[in-house]
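Enquirer: okay, structure incoming, though there's no sequence with it:
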Ligand SMILES: Nc1ncnc2c1ncn2[C@@H]1O[C@H](COP(=O)(O)OP(=O)(O)OP(=O)(O)O)[C@@H](O)[C@H]1O
Ligand SMILES: [Mg+2]
């Protein structure tokens, strides 16, 4: 039973983190930019969405969309720091991440009552139309609730995937891919490569914020520490996805990244079963990430060797 | 067409490594002229192209394109009117994108890049025909990432990409140097064809004296930031590879090496 609920949990979180990973796919894989601001924009999305829902009484969907714009803005700041002020990519991300720690904390204050921080969705939660606790959700028998949530998450993830796939096929999307792969060419096409970096980082963090917003909805509470470790989580998902799943025929990179997020999140959840006290969780987490990176080195060299052999025969 | 007036360029100014490369450098290339540039290593050929493209900026002097002062214009803005092919075949294409995708990027140069689908069905056919005209058999590999092509194939692609949209000026920096002799000949022939068909003004740096003699309307020889030989049209036609070699040697002896 514990195993079953852990698995369901793993899938729910995995789908939520898939959105995060799809965002980081844009910055890390497409733009070749290791973006650390993700640790800040994930909780930013959560707190923005919660504020819009609780303070302004917005339904979940518009609140999540607004959270997207919040992430967009934060990502643009990272990009501007890097492009216009020539701060290195890692440091630009760290600056924004650090600044957002205060921003989210201050925003959380907006959600406290009588100086007491309540878990946000619990108060007023009666008239709160969350993504997963609306009238429709209430009409579903408790036993099937988990599957209902999974279904909604799946729809959102597929939607995000399709949006990103389509975007990458547009002229603008092509320029973004070119920027990550050969900046000099973008310049020789008469375009300012810096602007595409800013745009890509903005979009990436927009999706990260959406993931944060959905995460808050999933757990019906906003947690200020929810950003910690999200960079590692997202990178691990992207790397597993690209190195393992993108070789499957007809699997686009985006599909592969979603699979990567699901696998990694399931692994993390099973780790909790092993380490019930949660003391060694981060350590196990790091070890898992290291194993993935080592494995990734192995597979990519194996695959390229296999490709070489195939190519050699073909000619 | 393109004009350099009294251009100065000093590298590492006010340090022990100071190199004064160009001093009062003048050059004027009229529209439609195809200029070959030769010269020893370090004579300033690449720097000359970099000054024109805006990759580096001049310390003093003016650079004019069609009479308009472009000295202060950033590189990406100049690129709208200038095409360029580099020595390294991987610079002129996006290795992670397919041939079709690369051509689509190039074709949209100068147009805004909006949220329109980049490659339509008709464009695909157009690109295929274009690539078939190269005669390299690449038309069957349109959906292969360019990074998997050979250097010569990539360089051919770079060349058609840099001239797919109308450019006023084409800069070629030893663009055949990384290729085997046969492919180099093929690319050189293709270069000449494109330049003549589209009557582009071109500046081609090469270490291949035969190309410098056979192709182009004008020949420049550079040495230590100066043009030591500048012949056009009939006078250029009279120059042989032997002539060029002996001038090269004379300069080297004068400089004591
Ligand atoms: N960024 C730079 N910093 C310092 N010195 C430079 C720089 N770029 C070029 N130089 C110097 O300027 C001189 C000319 O270099 P340039 O690259 O233009 O030569 P080149 O004619 O293209 O030579 P090659 O035939 O080897 O390509 C050389 O002495 C070089 O060391
Ligand atoms: Mg050079």
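Expert: All right, it came through fine. Note that the structure is predicted; figures quoted are calculated from it, not measured. Numbering: from 1, shown residues only, chains lettered A, B, ... in the order given. Ligands and ions are numbered 1, 2, ... in the order given.
Enquirer: quick check: closest non-adjacent residue to residue A:29.
Expert: residue A:238 (6.1 Å; C-beta to C-beta, 6 or more residues apart in numbering or on different chains). Backbone N, C-alpha and C define where each C-beta goes, glycine included.
Enquirer: next one: residue B:4
Expert: Closest to residue B:4 by C-beta to C-beta, 6+ apart is residue B:27, at 4.4 Å.
Enquirer: quick one: the one you found is in a helix?
Expert: No - per DSSP: H, G, I helix; E, B strand; the rest coil, residue B:27 lies outside any helix segment and is strand.
Enquirer: returning to what we had before: which other residues reach whatever helix or strand the residue nearest to residue A:29 lives in?
Expert: Here residue A:238, judged by DSSP states H and E, is contained in helix A:230-244. Contacts to helix A:230-244, defined as C-beta atoms under 8 Å, 6 or more residues apart in numbering or on different chains, come from residues A:17-18, A:20-21, A:23-25, A:28-29, A:34-36, A:38-39, A:42, A:208, A:253, A:256-261, A:263-265, A:268, A:285-286, A:288-289, A:292-293, A:295-296, A:299-300.
Enquirer: now those: which count as buried?
Expert: A:17-18, A:20-21, A:23-25, A:28-29, A:35-36, A:38-39, A:42, A:208, A:253, A:256-261, A:263-265, A:268, A:285, A:288-289, A:292, A:296 (16 or more other C-beta atoms under 10 Å in any protein chain shown).
Enquirer: narrow these to those in helices?
Expert: Counting by DSSP state H, the buried ones among the contacts of helix A:230-244 place A:17-18, A:20-21, A:23-24, A:38-39, A:42, A:208, A:253, A:256-261, A:263-265, A:268, A:285, A:288-289, A:292, A:296 in helices.
Enquirer: which bits of chain B sit near chain A?
Expert: B:74-77, B:79-80, B:83-84, B:90-97, B:101, B:104-106, B:108-111, B:113-119, B:162 (C-beta under 8 Å from any C-beta of the partner chain).
Enquirer: separate out the buried members of those.
Expert: Buried among those (16+ other C-beta under 10 Å): B:75-77, B:79-80, B:83-84, B:90-97, B:101, B:104-106, B:108-109, B:113, B:118-119, B:162.
Enquirer: skipping adjacent residues, who's closest to the residue nearest the centre of chain B in space?
Expert: Centroid check for chain B by C-alpha atoms, centre = their mean gives residue B:172 as the closest residue, at 1.5 Å. Excluding its sequence neighbours, the residue lying closest to residue B:172 (C-beta to C-beta, 6+ apart) is residue B:204, at 4.2 Å.
Enquirer: chain center to the helix or strand the one you found falls within, what's the gap?
Expert: Per DSSP H and E, residue B:204 falls inside strand B:201-205. Mean C-alpha position of strand B:201-205 versus that of the full chain (C-alpha atoms, centre = their mean, to the nearest Å) differs by 6 Å.
Enquirer: does it reach ligand 1?
Expert: No - no part of strand B:201-205 sits near ligand 1 under the criterion C-beta under 6 Å from any ligand atom; the closest distance found is 6.7 Å.
Enquirer: report all helices and strands that that strand contacts.
Expert: For strand B:201-205, the packing partners by 3 or more C-beta pairs under 8 Å, 6 or more residues apart in numbering or on different chains; DSSP states H and E come out as strand B:34-39, helix B:45-53, strand B:169-173.
Enquirer: could you say what helices and strands the longest one packs with?
Expert: To tie it back to what came earlier, the one meant is helix B:45-53. strand B:2-11, strand B:19-29, strand B:34-39, strand B:82-85, strand B:169-173, strand B:201-205.
Enquirer: how many neighbours does the closest residue to residue A:275 other than its chain neighbours have?
Expert: Of all residues not flanking residue A:275 in the chain, residue A:281 sits nearest, at 5.7 Å (C-beta to C-beta, 6+ apart). Neighbour count for residue A:281, taken as other C-beta atoms under 10 Å in any protein chain shown: 16.
Enquirer: just want the residue of the stretch 151-257 of chain B that's nearest chain A.
Expert: Per C-beta to the nearest C-beta, residue B:162 is where the stretch 151-257 of chain B lies closest to chain A, at 7.2 Å.
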